[in-house]
Structure formats: structure tokens, C-alpha cells
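[1] Task: produce atomic coordinates for the following.
(one chain, ligands or ions: 2)
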Amino acid sequence: MKILIVGGGGREHAIAASVAKSRRADKIYCAPGNAGIGQIAECVPIGAMEFDKIVAFAKKEEIDLTIVGPDDPLVGGLVDELEAAGLRTFGPRKNAAILEGSKAFSKDLMKKYHIPTAAYETFDEPEKALAYLETAKMPVVLKADGLALGKGVLICNTLDEAKDGVKTIMEDKKFGAAGSRMVVEEYLTGREVSVLSFVDGKTIRIMSSAQDHKRALDGNQGLNTGGMGTFSPSPFYTGEVDAFCRKYIYQATVDAMAAEGRPFQGIIFFGLMLTENGPRVLEYNARFGDPEAQVVLPRMKNDILDVIDACIDGTLDKVELDFEDNAAVCVILASEGYPLSYEKGFPISGLECFDGKEGYYCFHAGTKPTEKGIVTNGGRVLGITALGGTLQEARANAYAAAAWVDFDNKYMRKDIGKAIDEVEV
Ligand code: AMP
Ligand code: GLY
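    Ligands and ions are numbered 1, 2, ... in the order given. The predicted structure follows:
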């Protein structure tokens, strides 16, 4: 089978590594890929938003399956274009990817189908949002409606902060067109858990849980990022939590999308807050999480191509997912200054330490091959994942491996997985 993966980050490297394990994968391409993906796939210099070029390439190479990784092309309708050209594709169509592409849509869906989430109001005009905020309970959460690289969410503790937030999102348009509409949401407290799932339009299969660390600095300080590290499974995702989510959230979401005439085929990522009153959906994503994929996929025993086929063919009810009874921790090595400004182009040393080391993975995110070797090429540079029998062991292994590689301005959080010390194991 010839497979094309669209995207070029750590998530796509984890997907490619999973696909490469399949006996059915004869040739893997990645557009645009990165230096690490280039070691297991052929990278083609086509950007994830260059739809015409992607379709032309897939047709020319007679690709059997295209997997679309990132949110932008999914929300933009790449899957529809590939399918229209007769190409077999894994990922939601545009009318289903809106589950991630519009927060107003996803909130309205949850309200209509009684899926537990934070109370909210949607606004198209800043004046109305400001009038509402005068009476709202603080803190309050403001969300730009559209895609904003995970940055379009502002948590405001006071009325003044909230008013500034409305200006930032709706008037200054700091998150671009994503801010033409805004959701104002009740502030929830609790622990966050990420749950990824495969969906075939009707049936949903849940993967092992994970937990992300979104803030840039230790102790959950600093700015929101795409994610600085993850662990899987989450010890806070108990049997009780799982039972609640299965009853009120997972299948309900899939059924709601089908009932709306927007059947969802692909990955649904549930961002959950475990509140005192039970789990609540904070957000949906229409794709694998990054860096959640880097801890969940290495633990999956199934052949990923079998599961993807079942999603496309609508036979997921015949598949059971199976995960190793172990744990994984991923520590992101970033460039100092991320998520604001940072320098690129520094040579990376020590990558060969991962060669042949079972249970250790060096997933590339922002890297580039050059004549002087592999250099840094982004804010998040590498995702160092290690397995272990327990979360503690996996964490020790991941931090040991994070020291094997080096580059100028290397930065990582030192407290990934600290939360696991709070639970009995
Ligand atoms: P989102 O992109 O919607 O997941 O939001 C980004 C982050 O903002 C989440 O991971 C949470 O940490 C935080 N957040 C979002 N919504 C809420 C909420 N209603 N209450 C508290 N925190 C929230
Ligand atoms: N790690 C969070 C996300 O992928 O959106």
C-alpha cells in the first residue's frame, strides 16, 4: 500500500512511525514532513494547505490512502477535495471538521444534544459582548470562534481584563478572522484530560487517555503553547470518569454529528475538564493531539492501517482497540522563547543515540535536514517519548533521553508528569 501523510510536525512523525510498523505499508510519503519523518518516509515539498498540489501528487503516485494530520487542512476541506478526485482519505470532511473549526458550532451542538459542557453565550458584536460581561460572574473565558493555533482562548479574572479581551479578539483581531465571532464561557476548574478516539461516522472507539501540559513554564506558568509534554495513561481518568463519558459524551457526540447530517469519520479529540460535578467537554478537536499522539500511538497494539480502514469503510464496530499495559511520557524540547519569538537553524547533536533503542522515540517537530546535518526549524523542535512499566519509570526514561540530544537555546519543562506523584500507584 502507498500512503501519503499530510503535515509535518511531531504528530505526523508519530503517525508515520505507527504506519511504518504495519506490514501493509509498502511506501510512505509525507507532505511536507520534516527531517525525522524523512528517515521513515519520502518527504515531498508540498505544504499542507496546497490542496491542488496534494491532490495532483496523490493522483500521480496512485496513493492508496491519504491521512490528513493537522486542523487547518481538515477545516479547509482537503478531505473533500481528495475524495472528489476519487482518492481514499482518512479524516473528517469540511462539514464535520467544523466540530473543531467553530467553537460556536460545537457549543451549540453540545447544548442541543445535552452533552455536558460549560455554560456559554455567543456574540457577533463587541457591544453586546461587553454588555453581557457587565453582569457575568468572573473569572470568565473568552474564545475566538475559529482556529487560532490553540491561542484564541483568554481566561479573564476581572471585568477589566474581560473588556480588554473583547477588544483583543473582536476589535484588534489578534487572532485574525477567527475573532469575528466570540464565545463567552463559564470558567471551570478541575484536572484536564485528553481523550482521543477513532470514529467511522456511527461507531466510536476510545484510545488510552493522556494529559497535556499547555503552559510554557514549570508550575503551569507562562503562556499557552501547543503543548510542552504529555503522559499516558492519565491516572485521573478513572473507571468512573470513563463510564460517565461513555454514557453522556462520546457516543452522544458521534450521534449528534450524524443527526445534523455531518457524519464524522476520523479522529475526535475530547478535551475534558474533570470538575467536581463530573466531566465536562472543554473543546473538541477533529484530529490527533500534538503531543498527545506521541504518547498514545506508541502504546497502541493494533495495526493503525486496519483501524483506519475500518473508519473509512464504516466497520469500526468489528474492531476493538488494544493498548499495551504500560505508560509513556513525552517531553518537548523547544527553542528558548517559544511560543513568542525564537531563533532557528541550530545544529542538533545526539540524535543517533535513539538508533535501535527499544521504547525510546525522538519525534521531530521543527527540524530541517541541511548540508551541515539536522538543524532546528521551529518553536517545538523534538518530542522525546519513552515507555516504562509505570508512569514514574516512563518519566525517568524520558528525561534521561532528553539529555541525549542538544542544540543551542534548547528549552524544556522540568515538571512534565509531576501530577502523577499525587496519586497512589
Ligand atoms: P481550548 O482551546 O478550548 O481547549 O482552551 C485552551 C485551554 O484553556 C484549555 O486547555 C483550558 O486549560 C483552558 N480553558 C478552556 N475553556 C475553559 C473553561 N471553560 N474553564 C476553564 N479553563 C478553560
Ligand atoms: N495538545 C493539544 C492539541 O493538540 O490541541
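[2] show me what contacts Glu343?
    Ser335, Gly337, Thr376, Asp408, Asn409 (CB atoms under 8 Å, 6 or more residues apart in numbering). In short, each C-beta sits where N, CA and C put it, glycine included.
[3] gap between it and Ser335?
    The gap separating Glu343 from Ser335 is 7 Å, by CB to CB, to the nearest Å.
[4] Closest to ligand 2 out of the contacts of Glu343?
    Ser335 (17.9 Å; CB to the nearest ligand atom).
[5] Excluding chain neighbours, what is closest to that closest one?
    Computed as CB to CB, 6 or more residues apart in numbering, the closest residue to Ser335 that is not its neighbour in sequence is Tyr342, at 3.8 Å.
[6] shared neighbours of Glu343 and Ser335, anything?
    Thr376, Asn409.
[7] What residues does this structure have near ligand 2?
    Within reach of ligand 2 by CB under 6 Å from any ligand atom, the chain has these residues: Gly150, Asp212, Gly227, Asn285, Gly289, Asp290, Glu292.
[8] Specify which member of the residues you listed is nearest to ligand 1.
    Gly150 (5.3 Å).
[9] on that earlier part again, adding secondary structure and distance to Ile416, write the residues of the chain next to ligand 2 out as JSON lines.
    Converted to JSON lines, the residues of the chain next to ligand 2 look like this (DSSP: H, G, I helix; E, B strand; the rest coil; distance: CB to CB, whole Å):
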{"residue": "Gly150", "secondary structure": "coil", "distance to Ile416": "18"}
{"residue": "Asp212", "secondary structure": "strand", "distance to Ile416": "10"}
{"residue": "Gly227", "secondary structure": "coil", "distance to Ile416": "10"}
{"residue": "Asn285", "secondary structure": "strand", "distance to Ile416": "20"}
{"residue": "Gly289", "secondary structure": "coil", "distance to Ile416": "15"}
{"residue": "Asp290", "secondary structure": "coil", "distance to Ile416": "15"}
{"residue": "Glu292", "secondary structure": "coil", "distance to Ile416": "13"}
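[10] Scan these and report the most crowded one.
    Within the residues of the chain next to ligand 2, neighbour counts (other CB atoms under 10 Å) peak at Asp290, which reaches 30 neighbours.
[11] What are the neighbouring residues in contact with the spatially closest residue to that one that is not a sequence neighbour?
    Nearest non-adjacent residue to Asp290, counting by CB to CB, 6+ apart: Arg11, 3.7 Å away. If you count contacts by CB under 8 Å, 6+ apart, Arg11 has them with Gly69, Pro70, Arg287, Phe288, Gly289, Asp290, Pro291, Ala293, Gln294.
[12] I'd like those residues as TSV, with secondary structure and distance to ligand 1 appended.
    Shown next, in TSV, are the contacts of Arg11 (DSSP: H, G, I helix; E, B strand; the rest coil; distance: CB to the nearest ligand atom, whole Å):
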residue	secondary structure	distance to ligand 1
Gly69	coil	18
Pro70	coil	15
Arg287	coil	13
Phe288	coil	15
Gly289	coil	10
Asp290	coil	13
Pro291	coil	14
Ala293	helix	16
Gln294	helix	17
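[13] Show me which pair in the residues you listed is furthest apart.
    Maximum pairwise distance among these (CB to CB): 14.6 Å, between Pro70 and Gln294.
[14] Break down this protein into its helices, ranges please.
    With DSSP state H as the criterion, the chain has helices at 10-20, 51-60, 71-76, 78-84, 94-101, 103-112, 126-135, 159-166, 239-245, 251-259, 293-296, 304-313, 391-402.
[15] Run a quick neighbour tally on Leu382.
    32.
[16] Against ligand 1, how distant is the residue nearest to it when sequence neighbours are not counted?
    Closest residue to Leu382 apart from its sequence neighbours, by CB to CB, 6+ apart: Leu333 at 4.4 Å. Distance, Leu333 to ligand 1, using CB to the nearest ligand atom, to the nearest Å: 22 Å.
[17] try Gly91
    20 Å.
[18] Local confidence estimate at the closest residue to that residue other than its chain neighbours?
    Excluding its sequence neighbours, the residue lying closest to Gly91 (CB to CB, 6+ apart) is Val68, at 3.9 Å. pLDDT recorded at Val68 is 98.
[19] Likewise for Leu321?
    Predicted confidence (pLDDT) for Leu321: 98.
[20] Now it. Nearest residue, chain neighbours left out?
    Once flanking residues are discounted, Leu321 sits nearest to Arg205: 5.0 Å by CB to CB, 6+ apart.
[21] didn't that neighbour look like it was pressed against Lys318?
    No. With contact defined as CB atoms under 8 Å, Arg205 does not reach Lys318; the gap is 10.4 Å.
[22] In terms of neighbours, single out the busier of these two.
    Arg205 (19 against 9).
[23] Run through the residues that contact the more buried one.
    Ser197, Phe198, Val199, Val307, Leu316, Val319, Glu320, Leu321.
[24] do that again at 7 Å, thanks
    Ser197, Phe198, Leu316, Val319, Leu321 (CB atoms under 7 Å, 6 or more residues apart in numbering).
[25] will you turn the contacts of Glu343 into CSV that also has pLDDT and distance to Leu133?
    Listed next are the contacts of Glu343 as CSV, based on pLDDT from 0 to 100; distance: CB to CB, whole Å:
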residue, pLDDT, distance to Leu133
Ser335, 98, 37
Gly337, 96, 33
Thr376, 98, 41
Asp408, 98, 44
Asn409, 98, 40
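[26] between these, which has the most around it?
    Thr376 (27 neighbours).
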